[in-house]
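J.: need a structure here:
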Amino acid sequence: MIDFMTLTWFHLKLFAQNSYFRTIVFVTTIGYVLMQYVAANAVHDLGNQTIWLRAGIIGTWAAGTSAAGVIPYQRAQGTLAYILDTTKGEAISLATLIIPAACFGLLAFPVAWLTSLVLGVSTTGITWILVLGVITLWLSVILLDFVVAGLFVLTPNAMLYESLLLIPILIGAGIYTVPQRYQMVVEVLGLFLPMATPVKMILQPNLVTGIDVLQMLILSVVWLIMAHFLLKISLRRLRVTGDMAVI
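T.: This is a model prediction of the structure:
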């Protein structure tokens, strides 16, 4: 466990030193706070604390989408083969490589809170269920990142598709309000996303039920199994084709 945390911390520091990843979190989070501030100010609704919470969720997942290109990025750097060449196992090595995306994304919440505080937006109402919601959101983003990384590792242009992951997942998780005629589609999509319940815990804690929690737990197991098989298949194919210098 100590080795796992040490490796994760090492990759997190590298992640934080990259201006591209810093820009994703800070620009996305601050941009969404400002956009919501303008809208809320127009209708005199600056007391709505979901402004900073919603921006925090969006910023966290925006950082999570970078998992789509994190493995191809290591390939381009020529370091992927060395990362996988360890006695800890490939699964552990890849996990320490992917998890920092979600960890760095957690900065979105303090950034959103501070930006909202400066703008005069309400930042009160921090409760234990909110903290629990943020933690479960972080864990669900990690699970999504595992699957995303497994899917996109097979394309050399994965980083070009990161932006395509942002909005669909957020819509399915219930972060946006959609027209009534599309509400059924969003609800069905949310049934397959482990992020849906954490988002509800953060934005609508009074509506969370035991069924929501059970759904989140079941989906978490399903997505973890999916991630395991996707990464296993991807690495097998990479060895066969000789791509990414993995032997």
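
J.: can you give me the helices for this protein?
T.: Using DSSP state H, the helices of the chain run over residues 2-17, 19-42, 50-64, 67-77, 80-84, 90-105, 108-119, 128-152, 162-173, 183-190, 196-203, 210-241.

J.: deepest of the ones you listed, which one?
T.: Among those, helix 50-64 has the highest mean neighbour count (mean count of other CB atoms under 10 Å), at a mean of 26. Every C-beta, even on glycine, is put in place using the N, C-alpha and C of the backbone.

J.: re the thing from before, okay, the helices of the chain in a markdown table with mean pLDDT next?
T.: Listed next are these as a markdown table, based on pLDDT from 0 to 100:
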| stretch | mean pLDDT |
| --- | --- |
| helix 2-17 | 79 |
| helix 19-42 | 90 |
| helix 50-64 | 91 |
| helix 67-77 | 71 |
| helix 80-84 | 68 |
| helix 90-105 | 82 |
| helix 108-119 | 93 |
| helix 128-152 | 88 |
| helix 162-173 | 78 |
| helix 183-190 | 85 |
| helix 196-203 | 92 |
| helix 210-241 | 83 |
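
J.: Pretty sure Val70 sits against Leu97.
T.: Yes - between Val70 and Leu97 there is a contact under CB atoms under 8 Å: 6.1 Å.

J.: what's the closest non-adjacent residue to Tyr20?
T.: The shortest distance from Tyr20 to any non-neighbouring residue, by CB to CB, 6 or more residues apart in numbering, is to Ser66 (8.0 Å).

J.: you'd agree that neighbour is up against Thr23?
T.: No - contact criterion CB under 8 Å: Ser66 and Thr23 do not qualify, at 10.6 Å.

J.: measure Pro198 to Phe229 for me?
T.: To Phe229, Pro198 is 24 Å away according to CB to CB, to the nearest Å.

J.: And for Phe109?
T.: 32 Å.

J.: Kindly report the same for Ala39.
T.: 43 Å.
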